[in-house]
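Trainee: I'd like to go over a predicted model; first the sequence, then the structure.
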There are 2 protein chains.
Amino acid sequence: MNGSAAPAYRRLSVEQRRTQLLAAAVDLFGHHRPEDVSVDDVAAAAGVSRPLVYRYFPGGKQQLYEAAMHNAADELRKCFVEPSQGAPTQRLAHALDRYLAFVDEHDAAYSALLRGGSVAETSRTGAIVDGVRRSAAEQVLLHLGAPDPGPRLAMMVRSWIASVEAVSLTWLDEGKQPPLPELRGWLVDHLTGLLVITATTDPETAGIAAAALALETPDSPAGELARRLAPIVEAVAHLLPDDGGRGMLGG
Amino acid sequence: MNGSAAPAYRRLSVEQRRTQLLAAAVDLFGHHRPEDVSVDDVAAAAGVSRPLVYRYFPGGKQQLYEAAMHNAADELRKCFVEPSQGAPTQRLAHALDRYLAFVDEHDAAYSALLRGGSVAETSRTGAIVDGVRRSAAEQVLLHLGAPDPGPRLAMMVRSWIASVEAVSLTWLDEGKQPPLPELRGWLVDHLTGLLVITATTDPETAGIAAAALALETPDSPAGELARRLAPIVEAVAHLLPDDGGRGMLGG
């Protein structure tokens, strides 16, 4: 707009240059395995020389990788934030849609990061991943109305988050099958199931589950799951007391 | 019994010496973090000199660690083997009791291994861990009568195994609470719940679940879970069709 010097040769301030290099690193490390990204790639993507990259990031590739990791962690944390209204399973579906879109977009980087074994993975990058897991758990517990959960409820949520990661990696291995909405639906149902099962032995979880289910509606994911589960009651009638399962309705 | 030379100075055959050194390494690496075990510790435990250890294991600590890992992997695989009779959830409970006893006994080593980040962890040790996961999945699928599972069923089992690992690590973090039988019961219920939930959208899993549930009895873990779940049907009545949930019994 101001018509002066050609943009490619424009002098940038120190802060602008740093931001530009970091953006190039975030883009490269966000879409490729760390071993497939070099300082030369970052320099080329930013249109600068290799020594200039080292002037801003003396730690070279490792420092750029960790900066990109922090950026990805912030992006992931934003995925989990969801307004506290509506059916809890509907809120979870929204957050998972954002999370799974992130996995889909950053497939190579996500897979490399969680599989580890790269030279770029250190205890520092491991701590960043653990921080993201903690944020995800905090958000789930917040929506369940249990910001300060007892050990069983905390264990349940941690277990579900480990499943989400394993399922995401399997999904990438399987050529991104099944389609994302199916995968998201299954992960939501998985947490609903865990909540109800844990409620049968843990009093705290029983209270949390009752409050959460009261907020669900017939067209929420939990409502749809309840209807799909209904025919299975027949298949377990032989496990129930003598009235053939009618006792289930009396409580 | 033969009354000759003092046992401590007895000459061992090459094979006997190798076995003795390996047993010492398995014991040390099976109960401590890899960074807390040295070649000197192995030599001391076997009552031999450090150079003798290197004569048998030229790769030193790393080679001893990998040999110990192979040994632990074999021991874990044995945990999962269970006769194909009785209620599937009862079989699973037996296998989990053995697995959790292993976690309990080898707490420091198990935790260090799955948390990674140690210099002793390599792509080779990672492959050993993946092999154990695959064995566990194969055994679960074998007992479900699905040795050649479709993608959804395979993903479900992999997801549960990831949960078992996360839960085992949480259990160690929490000072081994809750008691093992409670933890085992929850893990069995978790798989039962996943199976039933996945059955509501995947036809293959629906067939597998129906066949598995037919083998369950009122006093099996699945029978106990069904009875504990019964009162919760009331809490979801507002999600079901107008007859207040009675349709659940009609199928």
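Mentor: Now that the structure is in, tell me what you want to look at. Numbers count the residues shown, from 1 in each chain, chains lettered A, B, ... in the order given.
Trainee: mind listing the helices for chain A?
Mentor: Chain-ordered helices for chain A, with DSSP state H as the definition, fall at A:14-31, A:39-46, A:50-56, A:60-80, A:88-105, A:107-115, A:123-143, A:151-173, A:180-199, A:203-214, A:221-229, A:232-235, A:247-250.
Trainee: Can you say which of those is nearest to B:Gly185?
Mentor: Closest of the helices of chain A to B:Gly185 is helix A:180-199, at 10.2 Å (criterion: CB to CB). Where you see a C-beta, it was placed from the backbone N, CA and C, and this is true even at glycine.
Trainee: anything in the closest one near chain B?
Mentor: Yes - counting by CB under 8 Å from any CB of the partner chain, chain B has neighbours in helix A:180-199: A:Glu182, A:Gly185, A:Trp186, A:Asp189, A:His190, A:Thr192, A:Gly193, A:Leu194, A:Val196, A:Ile197, A:Thr198, A:Ala199.
Trainee: now swap in stretch A:230-238 and tell me
Mentor: Yes - for stretch A:230-238, a contact with chain B is found by CB under 8 Å from any CB, at A:Ala230, A:Pro231, A:Ile232, A:Val233, A:Glu234, A:Ala235, A:Val236, A:His238.
Trainee: interface residues of the stretch 51-200 of chain A facing chain B?
Mentor: So the stretch 51-200 of chain A meets chain B at A:116-117, A:122-123, A:126, A:151-152, A:154-155, A:158-163, A:165-167, A:170-171, A:174, A:177-178, A:182, A:185-186, A:189-190, A:192-194, A:196-200 (CB under 8 Å from any CB).
Trainee: Pull the number of nearby residues for A:Tyr56.
Mentor: The number of residues packed near A:Tyr56 is 16, by other CB atoms under 10 Å in any protein chain shown.
Trainee: got the contact list for it?
Mentor: A:Tyr56 makes contact with A:Arg17, A:Arg18, A:Leu21, according to CB atoms under 8 Å, 6 or more residues apart in numbering or on different chains.
Trainee: Could you pull up the residues touching the closest residue in space to A:Asp97 that isn't next to it in sequence?
Mentor: Spatially, and ignoring its direct neighbours in sequence, A:Asp97 is nearest to A:Arg184 (5.8 Å; CB to CB, 6 or more residues apart in numbering or on different chains). Listed by CB under 8 Å, 6+ apart, the contact set of A:Arg184 reads A:Ala93, A:Leu96, A:Asp97, A:Leu100.
Trainee: With chain B as the reference, measure out to A:Arg184.
Mentor: Remark: distance between A:Arg184 and chain B (CB to the nearest CB, to the nearest Å) = 12 Å.
Trainee: ok, that residue to A:Trp171 distance?
Mentor: Distance, A:Arg184 to A:Trp171, by CB to CB, to the nearest Å: 11 Å.
Trainee: Spatially nearest residue to A:Val53 (excluding sequence neighbours)?
Mentor: According to CB to CB, 6+ apart, the nearest residue to A:Val53 is A:Ala43 (4.9 Å).
Trainee: so the one you found touches A:Arg55, yeah?
Mentor: No - using CB atoms under 8 Å, A:Ala43 is not in contact with A:Arg55; the gap is 11.1 Å.
Trainee: check contacts around the nearest residue to A:Gln90 once chain neighbours are set aside.
Mentor: Distance criterion CB to CB, 6+ apart; nearest residue to A:Gln90, sequence neighbours excluded, is A:Ser220 at 5.1 Å. Shown in contact with A:Ser220 (CB under 8 Å, 6+ apart): A:Gly86, A:Ala87, A:Thr89, A:Gln90, B:Leu239.
Trainee: Tell me if I'm right that the last one and A:Ala230 touch.
Mentor: Going back to what we said before, that points to B:Leu239. No - counting by CB under 8 Å, B:Leu239 stays clear of A:Ala230, with 10.0 Å between them.
Trainee: List the contacts of the residue most central in space within chain A.
Mentor: What sits nearest the mean C-alpha location of chain A, by CA atoms, centre = their mean, is A:Tyr99, with 4.4 Å. For A:Tyr99, the contact set (CB under 8 Å, 6+ apart) comprises A:Leu76, A:Cys79, A:Phe80, A:Ala136, A:Val164.
Trainee: For the residues of stretch A:230-238 next to chain B, give me CSV that also has neighbour count and distance to A:Ala210.
Mentor: Converted to CSV, the residues of stretch A:230-238 next to chain B look like this (neighbours: other CB atoms under 10 Å in any protein chain shown; distance: CB to CB, whole Å):
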residue, neighbour count, distance to A:Ala210
A:Ala230, 20, 20
A:Pro231, 16, 24
A:Ile232, 18, 22
A:Val233, 22, 20
A:Glu234, 16, 25
A:Ala235, 20, 25
A:Val236, 23, 22
A:His238, 15, 28
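Trainee: Pick out the most distant pair among these.
Mentor: So, these by CB to CB: farthest apart are A:Ala230 and A:His238, at 17.1 Å.
Trainee: thinking again about what came up before, the contacts of A:Arg184 into a markdown table, with extra columns for distance to A:Pro147, neighbour count and pLDDT?
Mentor: Shown next, in a markdown table, are the contacts of A:Arg184 (distance: CB to CB, whole Å; neighbours: other CB atoms under 10 Å in any protein chain shown; pLDDT from 0 to 100):
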| residue | distance to A:Pro147 | neighbour count | pLDDT |
| --- | --- | --- | --- |
| A:Ala93 | 21 | 18 | 98 |
| A:Leu96 | 20 | 22 | 98 |
| A:Asp97 | 24 | 14 | 98 |
| A:Leu100 | 25 | 21 | 98 |
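Trainee: Go through the residues you listed and name the one nearest A:Phe29.
Mentor: For these, the nearest to A:Phe29 is A:Leu100 (20.0 Å; CB to CB).
Trainee: distance of that closest one from chain B?
Mentor: Counting by CB to the nearest CB - A:Leu100 and chain B are separated by 14 Å.
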